[in-house]
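> Compute the structure for the input listed below.
(chains A and B)
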Amino acid sequence: GQSLEQPSEVTAVEGAIVQINCTYQTSGFYGLSWYQQHDGGAPTFLSYNGLDGLEETGRFSSFLSRSDSYGYLLLQELQMKDSASYFCAVLNNDMRFGAGTRLTVKP
Amino acid sequence: DAGVIQSPRHEVTEMGQEVTLRCKPISGHDYLFWYRQTMMRGLELLIYFNNNVPIDDSGMPEDRFSAKMPNASFSTLKIQPSEPRDSAVYFCASRPTGGTDTQYFGPGTRLTVL
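Numbering: from 1, shown residues only, chains lettered A, B, ... in the order given. Model (predicted):
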């Protein structure tokens, strides 16, 4: 089977840096994706790691260590609009999501 | 492209009624996924199709749920009979073959079963 673990909630202030960790157990694995979902909206793609290491996309970066079955999403220069839920997802032939981390950015 | 299209956006029905949710994937995408999202259970994969063929339906909760994909541009998720515990947001998503990293989600259908 598959399982993904990520913190349920994180709070940070504007301009800060926050890291959301994700650990996974899976029988098949192509890579780890991260999605953002605002309240009332649909999940939207943020980042993908197919190989070990860091991927950077603007203020967002994502990291993967296959040997540790671990990844994280790093959000820098936090803005109020970053308040949302963030999901890690294991990509196999399908895509399975973690329970999500609710990020609250305070002024 | 208009993105993944789902209808209806909101559905309120009474227990025991049949509910049909519809999805039009992005043109050219070979994979189609149905997810259900609730506060308690998060985002659950119900079923996915590849080239209109159901590949894995192990996430379908029970026999009351069924999904079809009669052609590359249309899929339905049917619940018959519906129950209050089926209340959730149902998302459809699609992705192309080879585009392994990004799934594109539709806006979702918010289902309320009274």
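> Could I get the CA-only coordinates of the helix or strand hosting B:T76 as CSV?
In this structure, B:T76 sits in strand B:74-79 according to DSSP states H and E. What follows is strand B:74-79 as a C-alpha-only set of coordinates in CSV (Å, rounded to 0.1, in the frame of the first residue of the first chain):
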residue,chain,number,x,y,z
PHE,B,74,-16.2,12.5,-21.7
SER,B,75,-16.5,10.7,-18.4
THR,B,76,-19.2,10.2,-15.8
LEU,B,77,-19.2,9.2,-12.2
LYS,B,78,-22.6,7.9,-11.0
ILE,B,79,-23.9,7.3,-7.5
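> Tell me the first helix or strand C-terminal of that strand.
strand B:88-95.
> After that next one, which helix or strand is next? Please name it.
The helix or strand immediately downstream of strand B:88-95 is strand B:104-105, counting by DSSP H and E.
> Run through who's touching that following strand.
Contacts with strand B:104-105, where a contact means C-beta atoms under 8 Å, 6 or more residues apart in numbering or on different chains, come from A:42-45, B:3-4, B:26, B:29, B:35, B:91-95. C-beta here means a position set from N, CA and C on the backbone, and glycine is covered the same way.
> switch the cut-off to 6 Å
Strand B:104-105 is contacted from outside by A:A42, A:P43, B:V4, B:I26, B:F91, B:A93, B:S94, using C-beta atoms under 6 Å, 6 or more residues apart in numbering or on different chains.
> Which members of those are the farthest-apart pair?
The distance between the two most remote of the contacts of strand B:104-105 (C-beta to C-beta) is 15.1 Å, for A:P43 and B:I26.
> So which of those two has more stuff around it?
A:P43 (27 against 18; other C-beta atoms under 10 Å in any protein chain shown).
> unless I'm mixing things up, that one is touching A:W34, no?
No. In terms of C-beta atoms under 6 Å, A:P43 does not count as a neighbour of A:W34; the distance is 9.8 Å.
> With chain A as the reference, measure out to the residue nearest to B:P8 when sequence neighbours are not counted.
Nearest residue to B:P8 in three dimensions, chain neighbours excluded: B:T109, at 6.1 Å (C-beta to C-beta, 6 or more residues apart in numbering or on different chains). B:T109 is 11 Å from chain A, where distance means C-beta to the nearest C-beta, to the nearest Å.
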